[in-house]
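Asker: What shape does this take:
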Amino acid sequence: MVPDLPGCVSTGDSVEEALAMAKEAIEFHLEGMIDGGEAVPNPQPVTHHLQQKADWFTSPGLWAMVSIEMPKLAGAV
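Answerer: Numbering: from 1, shown residues only. Down below sits the predicted model:
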């Protein structure tokens, strides 16, 4: 789950695969937003999400950050 992008989710069989799949899902999600004329939200700090205490937050899991290359998405604009 990508808290900054509701509806953007991915999974993987290992941490490495999950991170790679998350990056791909985020890029795909952002491309769809851009193509649809939606504004891309600014990322919130992790502390913001930790304070939300949403249902998904109480599930076991791992917090991680992935780097997205926005110039790669520039062609979608």
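
Asker: For this structure, which segments count as helices?
Answerer: 15-35, 46-52, 70-73 (DSSP state H).

Asker: Looking at those helices, spot the one closest to residue 6.
Answerer: helix 15-35 (9.6 Å; Cβ to Cβ). C-beta: built from backbone N, CA, C; applies to glycine.

Asker: mind listing what's buried in the closest one?
Answerer: Buried residues in helix 15-35, counting neighbours by 16 or more other Cβ atoms under 10 Å, are found at 18, 19, 21, 22, 25, 26, 27, 29, 30, 33, 34.

Asker: what's the closest non-adjacent residue to the fourth one?
Answerer: On the basis of Cβ to Cβ, 6 or more residues apart in numbering, the spatially nearest residue to residue 22 that is not a chain neighbour turns out to be residue 10, at 4.8 Å.

Asker: Residue 22 is in contact with residue 1, isn't it?
Answerer: No - judged on Cβ atoms under 8 Å, residue 22 makes no contact with residue 1 at a distance of 9.1 Å.

Asker: sorry, back to before: what's the closest of the helices of the chain to residue 63?
Answerer: helix 46-52 (6.4 Å).

Asker: Report the buried residues of that closest one.
Answerer: Within helix 46-52, judged by 16+ other Cβ under 10 Å, no residue is buried.

Asker: Likewise for stretch 7-16?
Answerer: Quick answer for stretch 7-16 (16+ other Cβ under 10 Å): 8, 10.

Asker: Could you tell me the end-to-end distance of that stretch?
Answerer: 21 Å (Cα to Cα, to the nearest Å).

Asker: Report the distance from it to the chain centre.
Answerer: Centroid separation for stretch 7-16 versus its chain: 10 Å, with Cα atoms, centre = their mean, to the nearest Å.

Asker: Now that residue 1 has come up, it's in contact with residue 11, right?
Answerer: No - with contacts defined as Cβ under 8 Å, residue 1 does not count as touching residue 11, sitting 9.8 Å away.
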